[in-house]
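Novice: Quick one: sequence and predicted model below, then my questions.
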Protein chains: 2
Amino acid sequence: MDDGLSLVFAALADPTRRAILARLAEGPAPVTELGRPFDISAQAVSKHLKVLERAGLISRSRQGQWRPCRLEAAPLERAGGWIEQYRAVWEDSLGRLEQEIDRIQGRQDHADD
Amino acid sequence: MDDGLSLVFAALADPTRRAILARLAEGPAPVTELGRPFDISAQAVSKHLKVLERAGLISRSRQGQWRPCRLEAAPLERAGGWIEQYRAVWEDSLGRLEQEIDRIQGRQDHADD
DNA sequence: TCGATACTCAACCTATTGGTTTATAAGCCG
DNA sequence: CGGCTTATAAACCAATAGGTTGAGTATCGA
């Protein structure tokens, strides 16, 4: 379970981490600020950041005594791309799945995983 | 970690389950067929399917001695929607993030999580 | 230099995950 | 009925996740 996509999805599978990413979408922030909204220790925040970093979703730099974190969107884009494969399925507004299934089956290039 | 989005992302954070979904995109299939590509027991497959079902990603019916599984795309759509929030960040092709950050900050409606 | 602040590392705890094996239920068919 | 196939349930196990506390490192500021 340590391929890139799995790491990204696993990192997203936690509300605290998703909230951290949402905060980072507004701009870089140091660890303490990222942890402020949550009722957990700074160490726990540090662990969450490590998970996000391992998934490539954030990068950390150094600025004095602070370690500002910055959102890295590339993995989100890959994850979004994987999900987009299935757009045809949920866009079938009439519930006639078969048509779209045919379309998917007709594809040559779906690297399924 | 048991809200809807977390369940969906957690379910997607496993290559076996993603491959199962990819197979199901081609149409419903019974458990044995879904497990055929993998070198794990039928019971393990059953567990994976239970995870997918709890996330709402599949539904199971009954047809004689088989339990065909069907892909349910709605949760994928919600997950995709969450990720799409960040499209502005990764679409900044010039790497000038600040502009996009300003745009995001200007939003009134970002339900962050 | 000393104290406060920001952050991380290490050890520990409990719950969950992903797999196993064994046993059980349900439906087909001879 | 009896045996085969499909599928799930339950108990178990090692590894991981998410949290804690305690200790340690690094930087600022007086």
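Specialist: It's in.
Novice: my guess is A:Ile83 contacts B:Ala79, does it?
Specialist: Yes. Using Cβ atoms under 8 Å, A:Ile83 makes contact with B:Ala79 at a distance of 5.8 Å. Quick note: C-beta positions are derived from backbone N, CA and C, even for glycine.
Novice: burial count for the closest residue to A:Leu71 other than its chain neighbours?
Specialist: Distances taken as Cβ to Cβ, 6 or more residues apart in numbering or on different chains put A:Leu24 closest to A:Leu71, at 4.0 Å, once the chain neighbours are dropped. Neighbour count of A:Leu24, defined by other Cβ atoms under 10 Å in any protein chain shown: 23.
Novice: Assign the closest residue to A:Glu72 other than its chain neighbours to helix, strand or coil.
Specialist: Distance criterion Cβ to Cβ, 6+ apart; nearest residue to A:Glu72, sequence neighbours excluded, is A:Ser59 at 5.4 Å. Counting by DSSP: H, G, I helix; E, B strand; the rest coil, the backbone at A:Ser59 sits in strand.
Novice: Can you tell me how far A:His48 is from DNA strand D?
Specialist: For A:His48, the distance to DNA strand D (Cβ to the nearest atom of the strand, to the nearest Å) stands at 6 Å.
Novice: cool, and A:Glu53?
Specialist: 13 Å.
Novice: same check, this time on A:Ser59
Specialist: Counting by Cβ to the nearest atom of the strand - A:Ser59 and DNA strand D are separated by 18 Å.
Novice: ok, which stretches of chain A are helices?
Specialist: A:4-12, A:15-24, A:31-35, A:42-54, A:74-84, A:87-90, A:97-106 (DSSP state H).
Novice: Show me what counts as buried in the fifth one.
Specialist: I take that to be helix A:74-84. A:75-77, A:79-80, A:82-83 (16 or more other Cβ atoms under 10 Å in any protein chain shown).
Novice: Run the angle between that helix and helix B:4-12 for me.
Specialist: Angle of helix A:74-84 versus helix B:4-12, following axes from the mean of the first three to the mean of the last three Cα atoms, to 10 degrees, is 90 degrees.
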